[in-house]
Every structure is written in structure tokens, then in C-alpha cells.
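1. Sequence and predicted structure are below.
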Amino acid sequence: MDTPVSPTVACIGGGQLGRMLGLAGLPLGIRMEFVDPVDGAPAGAIGPLHLGELDERGVIGPCVERATVVTYEWEGVPAEIVSWIEEMRTPPVFPPAAALRASQDRLHEKTLFRQLGVGTPDFLPVDSPADLDDAIAKLGTPAVLKTRRGGYDGKGQFVLRVAADASTAWAALGGVPLILEAFVPFDRELSILAVRGRDGATECWPVIENHHAEGMLRVSNAPAPGLTPERQRAAEAIANRMLDELLYVGVLAIELFDVGGRLLANEMAPRVHNSGHWTIEGSVTSQFENHLRAVLGWPLGSTESRGVSTMLNCIGVLPAPADVLTIPGAHLHDYGKSARHARKLGHVTVVADDAATLRERVERVLAILPADG
């Protein structure tokens, strides 16, 4: 019998998401290579790291030639480089460039949601101070002015409390294409993670409840407390419409607002997602393993939860590993990044069989998490 050849996955981007993809691939015999502009990027501890910009064909090309399949770990990867790989036809690249193009422009993204019958906050394009005044008159205040491209973890946004904030908002963000979104008085922020295989098979994880501070995700609870079967089905329907529309392959995350029981789509991320890190310990199959299974054309794994979980991001500073490991069900993930204010350095996942035990364990973790200095 011939010995199976281990597949090679080329990943554009070598941050912590690439690192966790590589870790998920090791037990399956998957070899990974990464391209990243930062020397010492986290994924370099798992596989070869090739230094280059994320659209540098001279660096990416040789990796593609060696690969069984190509993927990426950041929605900021230029869509043009993914289109270039798609044109080669061999090896395949997933998720498709169409998903990147949709997610990289907030106007196009929300327009696509609306075309698929998915509710979103009301929005209007803004390209001039006059456009901003008109949009405020139509949408009212409060409202959120955002750059259409770029921006993450709360960057590239300005909240207008009153119409008189328009000039200040324009001074802060003007000069690039913008979008004004009506402020949504949501009850809570949620996300749904789904995975679609090359054969069209789809699996969804339970809906997650997310808590942010200063624009950064701090805590995710899975499944979302009080999650009903109806709410889960509604979120899965949103994800499945997008997956099918884009002929998507891999993990897709969609961030949602829960507004009195109605779900509104905020944005999508065509990649594995911070709010899904709990799946490493808290799910039968993690988002990282299922992403690799999907892009390689392998059968998808179960997305069933193992009890209840909470994921806590470590921002700016990490706790002492020994302190975390004294707490039952607590798992520390160190991304191997140098400490810096407002930087995601790692996360702690806490798992338990029931909500009461989970709360007690999470309180113990919170007590030892150092504050970001």
C-alpha cells in the first residue's frame, strides 16, 4: 500500500490565527507554510515563515507552487492576490476572492446582506461633507461614521451623538470613502460561525454572545446564554445564505446585533474568528480544524459543544501560566507576541459542564488577569 502524501497548506498571513490553524493541522499530518511581512510572526513557530508583503507575488508564488491548497487568515489580505491564485486554477484557494471583496467594503457588504434578505442597520454612503449632512438628516443621530475599507478593533469609526458632530467626524475620517450607519440600540452582540466544505456540506457552531470594550473583543460566551432554538435557526439561515451565495469554502464568521429578538447583520469575516477560539477546547471539532478539513476537501467534523465555555482575551499583558492552570477547566493560549498596550497577546478558555460552575471558574480567571497597562 502506498503511503499517503501529507498535504501542504499555504497560508497568506502568519498571525495568531495562522498559528492556531497550524496547531490544528499538526495531529492530522498537515504541513503549513506562511507568508507574512513581520519577522517573528506567531505562525513561524509552527511552520516555515516566508517574509513578504501579503500581495508580493515573488514570495507567495513559490509557496503556492508547493501547496496542496491555499488559504488566508486575515480579511485584509488583498483580494487581488487571491484572484491571481484563482486564475492559476491549481492549487485551489479558499475562501474565494469574492468573499474578500465583499467583506473589504462595508457598503458592498451591507448591500449584499440586504440583497440576500438579511436585515442590517440602515446605512448610506458618504463621500463629502454634504453627503454626511444629507445622511444625518435621513438616518438621524446617534449614528456611526465608518471608513468603508480597513479599520478593525474599533478603528476607523466615529460616533455622532448629535448632528453638530458632523464637522468633527468629517475632520477625523474624511478623505476616504465612508458609510454612515444608524445607531442600533441592541440588546447584545452575537456571532455565528459556520463552515462549508468543497462538496457544499455545511455545519454551524452555537451562536456566541460577545462583549467588547474600547472596540476590542474581550469576552465570548458559548453557547450564548438564553439561546433558543429559534434564534439559532435564524442565525444559521443568515450564515447559510451567505455561504451559498459566495460558493464559500472554509469558516465564515458573521457578527450580529440582537435587537429585541430580531437579528441584524453587522459584518462578516471570511476566516476563522476571535469569537470562535473557545471551540479549541469547547467543541468536538474546533473552527481551525474544520477550516482545514473544508479547504482540503475532507469531511467536516461535528460542531457540537462540550458543555459551556467562556473565552477571555488577554490584552496587553498575559497572566502567569501557573496561575491559570490552578483553575479547573481553564486553558491558556499564548500567541508568542511581544507585550504592547492594546495588543491581543493570547486568550484563556474556560469550560464546564454547567453554567454555575462556569461562572465560578470565570470569576477566578478574571481575578488573576492583569490589567493592560
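-> Good, I have the coordinates.

2. Show me where the stretch 1-150 of the chain dips below the pLDDT cut-off.
-> Counting by pLDDT under 70, the stretch 1-150 of the chain shows low-confidence ranges at 1-4.

3. Neighbours of residue 160, how many?
-> 22 (other Cβ atoms under 10 Å). Quick note: C-beta positions are derived from backbone N, CA and C, even for glycine.

4. Looks like it contacts residue 139 (just checking).
-> No. Proximity of residue 160 to residue 139 does not meet the contact threshold set by Cβ atoms under 8 Å, at 9.7 Å.

5. Just want the most central residue of the protein.
-> For the chain, the residue nearest the mean C-alpha position is residue 273 (2.8 Å; Cα atoms, centre = their mean).

6. In contact with that residue: list those residues for me.
-> Applying Cβ atoms under 8 Å, 6 or more residues apart in numbering, one finds that residue 273 lies in contact with 191, 193, 251, 253, 287.

7. Next, it: phi, psi?
-> As for residue 273, its main-chain torsions (degrees, to the nearest 10) stand at phi -140, psi 150.

8. cool, and residue 259?
-> In this entry, residue 259 is assigned phi and psi values of phi -120, psi 90 (degrees, to the nearest 10).

9. List the beta-bridge partners for it.
-> Each beta-bridge partner of residue 259 is listed here, defined by DSSP bridges: residue 262.

10. is it true that it touches residue 189?
-> No. Applying Cβ under 8 Å as the test, residue 259 and residue 189 come out as separate, 10.7 Å apart.

11. Which one of these two is surrounded by more residues?
-> Taking neighbours as other Cβ under 10 Å, residue 259 and residue 189 compare with residue 189 leading, 20 against 15.

12. Could you list the paired strands of whichever helix or strand that one is part of along with their orientation?
-> The secondary structure element spanning residue 189 is strand 188-196 (assigned by DSSP states H and E). Based on DSSP bridges, the pairing partners of strand 188-196 within the sheet are strand 202-204 (antiparallel), strand 208-213 (antiparallel), strand 250-259 (antiparallel).

13. Give me the residues contacting the first one.
-> Spelled out, it's strand 202-204. Where contact means Cβ under 8 Å, 6+ apart, the residues beyond strand 202-204 that reach it are 192-196, 232, 235-236, 239-240, 243, 290, 300-303.

14. Out of the residues you listed, which two are the most distant from each other?
-> Using Cβ to Cβ, the contacts of strand 202-204 span at most 19.9 Å, a distance reached by 235 and 301.

15. Neighbour count: these two, which is higher?
-> Between residue 235 and residue 301, counting by other Cβ under 10 Å, residue 235 is the more crowded of the two (26 against 16).

16. The more buried one - that's part of a strand, no?
-> No. Remark: residue 235 does not belong to a strand; assigned using DSSP: H, G, I helix; E, B strand; the rest coil, it is helix.

17. I figured it hits residue 256, correct?
-> Yes. Under the criterion of Cβ under 8 Å, residue 235 makes contact with residue 256 at 6.4 Å.

18. Of the contacts of residue 273, which is the nearest to residue 71?
-> Looking across these and measuring by Cβ to Cβ, the closest to residue 71 is residue 251, at 9.7 Å.

19. Tell me who's in contact with that closest one.
-> Residues 193, 194, 195, 271, 272, 273, 276, 287, 290, 291, 294 are the ones in contact with residue 251 under the rule Cβ under 8 Å, 6+ apart.

20. quick one: contacts of the host helix or strand of the last one?
-> Spelled out, that is residue 294. Under the criterion of DSSP H and E, residue 294 resides in helix 287-296. Contacting residues not belonging to helix 287-296 are listed as 7, 9, 20-21, 23-25, 28, 30, 68-69, 71, 92, 94, 193, 195-198, 203, 205, 249-251, 271-273, 276-277, 279-280, 285, 298-301, 303 [Cβ under 8 Å, 6+ apart].

21. Export that helix to CSV, keeping only CA atoms.
-> Extracted in CSV, the C-alpha atoms of helix 287-296 (Å, rounded to 0.1, in the frame of the first residue of the first chain):
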residue,chain,number,x,y,z
GLN,A,287,-13.0,26.1,14.0
PHE,A,288,-9.4,25.7,13.0
GLU,A,289,-9.5,22.0,12.3
ASN,A,290,-12.8,22.3,10.4
HIS,A,291,-11.4,25.2,8.3
LEU,A,292,-8.5,22.9,7.3
ARG,A,293,-10.9,20.0,6.7
ALA,A,294,-13.0,22.2,4.5
VAL,A,295,-10.3,23.7,2.3
LEU,A,296,-8.7,20.3,1.8
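
22. so what secondary structure elements neighbour the helix or strand containing residue 102?
-> In this assignment (DSSP H and E), residue 102 forms part of helix 97-103. Other elements packing on helix 97-103 under the criterion 3 or more Cβ pairs under 8 Å, 6 or more residues apart in numbering; DSSP states H and E are helix 79-88, helix 106-115, strand 262-269.

23. try 10 Å
-> Packing partners of helix 97-103 (3 or more Cβ pairs under 10 Å, 6 or more residues apart in numbering; DSSP states H and E): helix 79-88, helix 106-115, helix 229-245, strand 250-259, strand 262-269.

24. Name the residues of the fourth one that are buried.
-> When you say that, I think you mean strand 250-259. Judged by neighbour count using 16 or more other Cβ atoms under 10 Å, the buried positions of strand 250-259 are 250, 251, 252, 253, 254, 255, 256, 257, 258.
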